[in-house]
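In: predicted coordinates and the sequence they were generated for:
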Amino acid sequence: MRWDAHKAAEPEVAAALPQYVDAGILAASKALGRSTRSINRIAAEHGFEFSTCTAKTMESRRKARASLVTQVQALADLGAHQAEICSALSITRAELREIAEINDINIDNRTKGPAPAFFAKSPKQA
């Protein structure tokens, strides 16, 4: 498509931008078939601002994760599996692992308690 055809299609692109504000600039770019540069320009002209990894966004994510620390700790202490913790808190395993790593929470329930009998050392290994 030539540049003037892109320019003529800008009102349609601008009308579609609000549905991608939360999804981000890359999602809008892929869905609308335009470059991120042109999407950013159109968004600036029409007063839209995308959710990106700015300091403000990162700080709000940090606060949201911080509010989950006590819940993750409590579930981990009960011996819950990662999948159970994730479903209880509606988070992904990557988010769970990040929270656990930052706050030194042991979420590896395989290391808790005595080893099962079939992992016990044989007399030869002792």
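Out: That came in fine, so what should we check first? Residues are numbered from 1 along each chain as shown.
In: residue ranges with poor pLDDT in the protein?
Out: 1-6, 52-57, 109, 111-126 (pLDDT under 70).
In: which residue ranges make up the domains of it?
Out: Structurally, the chain divides into domains by automatic domain parsing as follows: 3-46, 55-109.
In: can you put those domains in CSV and add mean neighbour count?
Out: Where C-beta positions appear, they are placed from N, C-alpha and C, glycine not excepted. CSV is the format used below for the domains of the chain (neighbours: other C-beta atoms under 10 Å):
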stretch, mean neighbour count
domain 3-46, 14
domain 55-109, 14
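In: tell me which element the spatially most central residue of the chain falls in.
Out: Centroid-nearest residue in the chain: residue 95, 6.5 Å away (criterion: C-alpha atoms, centre = their mean). For residue 95, the host element (DSSP states H and E) is helix 93-102.
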